[in-house]
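1. Test case, fold it:
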Amino acid sequence: MRVYNFSPGPSALPLEVLERAAKEMTDTNGTGQSVMEMSHRSKDYKPIFERTEALLRELMGIPSNYKVLFLQGGASLQFSMIPLNLAAGEQGSAKKKAVYIDTGVWAKKASDEAAKYAEVSIPASSKDKAYAYIPAAPKADSDAAYYHITLNNTIVGTKWASIPDTGAVPLISDISSCILSEPLDVSKFGLLYAGAQKNLGPAGTTVVIIREDLIGHAPAWTPALLRYDIHAAEASMYNTPPCYGIYIIGLVLEWLKNLGGVSVIAQKNREKANLFYSYLESSKHFLSPVEKVSRSLMNIPFVPRETDPEKRKDIETRFVKEAGAAGLVNLAGHRLVGGMRASIYNAMPIEGVKALIAFAEKFEGSL
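-> Next up is the predicted model:
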């Protein structure tokens, strides 16, 4: 029996994608090989790679003056690559300015890493309220190399309701936990990046979408594998890319296209999220700690209304354990936040959300 997997990542994949991958495990496209066995430069793998990039461009509406790179190292490696390529100077020269908005753990990790290579400014933060909201975005300094936001904050369950206007300063965003969840105007950004393991595919592949004018600015001392210009010039083939992960991403993109594309999945995602938020609004025992205007469609933390710490912890432990026994798995909140969290990415069917609500209502009856 398959469970409903509410993991924040690695997360659930569409069943038909898994079934197709299983069917093609030993013979992909009539080649007599698994994708795992193919050379990344072979005639058998090339169409798989090209199809994946073409589908991503189509579904996201990526303009022709942007490069799409399939890299490794997760979104966390981009915390280093971005400042290295856009704000670091040659040895002995001054660092360039970089603006970061602090909206949670991953935004903080990104700015901490960038501070090694750039002069980081953090003009706004929501730390004062445990990151339960998205702060107003201050105007970017005209001399900043870039302006960074984390569009959806996986751990605390917030998202930017609107894209800040940064003028001539390139806007950069981590979209790991919201990529392809709803329409996004790529042209408003200079660079977008995402780890695949939430809405795209398995862990191990990172997608970078970068405007061409931002390529080629890394200082000479930058390691080759951390340079966007080298990866772009070699079409993500400077070294062996994560071939199987890219193949699975292609299958996920085909699944999404067959559903009707991003606008259709966005409608489904809003329906799922609204259903669960409505339950929390009416619940006598659980609530969402996130301000309404900043609530994520993808990650929904919820906590007991109980104020006694020991009783609250007992409720959380029981909920996660009993939900798991009922086939609703990976509902524990992040270790830094506690509580529970339902991550309802594209692959989560609405039946999973309904099953979670039914369980939660039954659980409330035992309190």
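
2. Would you map out the domains in the chain?
-> Annotated domains of the chain cover 4-8+260-364, 16-259 [automatic domain parsing].

3. May I see the ones you listed organised as CSV, with mean neighbour count and mean pLDDT added?
-> In short, each C-beta sits where N, CA and C put it, glycine included. Output for those, formatted as CSV (neighbours: other CB atoms under 10 Å; pLDDT from 0 to 100):
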stretch, mean neighbour count, mean pLDDT
domain 4-8+260-364, 18, 96
domain 16-259, 19, 96
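
4. Figure out the length between the terminal residues of stretch 106-120.
-> 15 Å (CA to CA, to the nearest Å).

5. Just the residues contacting that stretch, thanks.
-> Contacting residues not belonging to stretch 106-120 are listed as 75-76, 79-80, 82-84, 86-88, 94-102, 122, 145, 148-150, 153-155, 174, 176 [CB atoms under 8 Å, 6 or more residues apart in numbering].

6. The same query, at a cut-off of 6 Å, please.
-> Taking contacts as CB atoms under 6 Å, 6 or more residues apart in numbering, the residues outside stretch 106-120 that touch it are 79-80, 83-84, 87-88, 95-98, 100, 102, 122, 150.

7. Do a quick rundown of the helices in the stretch 51-200 of the chain.
-> 74-86, 105-114 (DSSP state H, counting those that start in this stretch).

8. Quick one: work out the angle between the longest one and helix 105-114.
-> Angle between the axes of helix 74-86 and helix 105-114 is 40 degrees (criterion: axes from the mean of the first three to the mean of the last three CA atoms, to 10 degrees).

9. Run through the neighbouring helices and strands of helix 74-86.
-> On a contact count with 3 or more CB pairs under 6 Å, 6 or more residues apart in numbering; DSSP states H and E, helix 74-86 meets helix 105-114, strand 191-195.

10. do you know how far the residue nearest to A224 when sequence neighbours are not counted is from I215?
-> Distances taken as CB to CB, 6 or more residues apart in numbering place I230 nearest to A224, at 5.4 Å, with adjacent residues excluded. I230 is 10 Å from I215, where distance means CB to CB, to the nearest Å.

11. other SSEs contacting whichever strand or helix holds A358?
-> Here A358, judged by DSSP states H and E, is contained in helix 350-364. Judged by 3+ CB pairs under 6 Å, 6+ apart, the packing partners of helix 350-364 are helix 262-282.

12. Could you point out the helix or strand that follows the helix it packs on?
-> strand 286-287.

13. That next one: partners in the sheet, and parallel or antiparallel?
-> In the sheet, strand 286-287 lines up against strand 299-304 (antiparallel) (DSSP bridges).

14. the inter-axis angle of the strand it pairs with versus helix 350-364?
-> Relative orientation of strand 299-304 and helix 350-364, computed by the same axes, to 10 degrees: 10 degrees.

15. who's in contact with strand 299-304?
-> So strand 299-304 is contacted by 154, 157, 276, 280, 286, 288-289, 312, 315, 333, 339-343 (CB under 6 Å, 6+ apart).

16. ok, 8 Å please
-> Identification of contacts with strand 299-304 by CB under 8 Å, 6+ apart yields 8, 152-157, 177, 273, 276-277, 280, 285-290, 311-312, 315-316, 333, 337-344.

17. immediately after it, which helix or strand?
-> Later in the chain than strand 299-304, the nearest helix or strand by DSSP H and E is helix 309-325.
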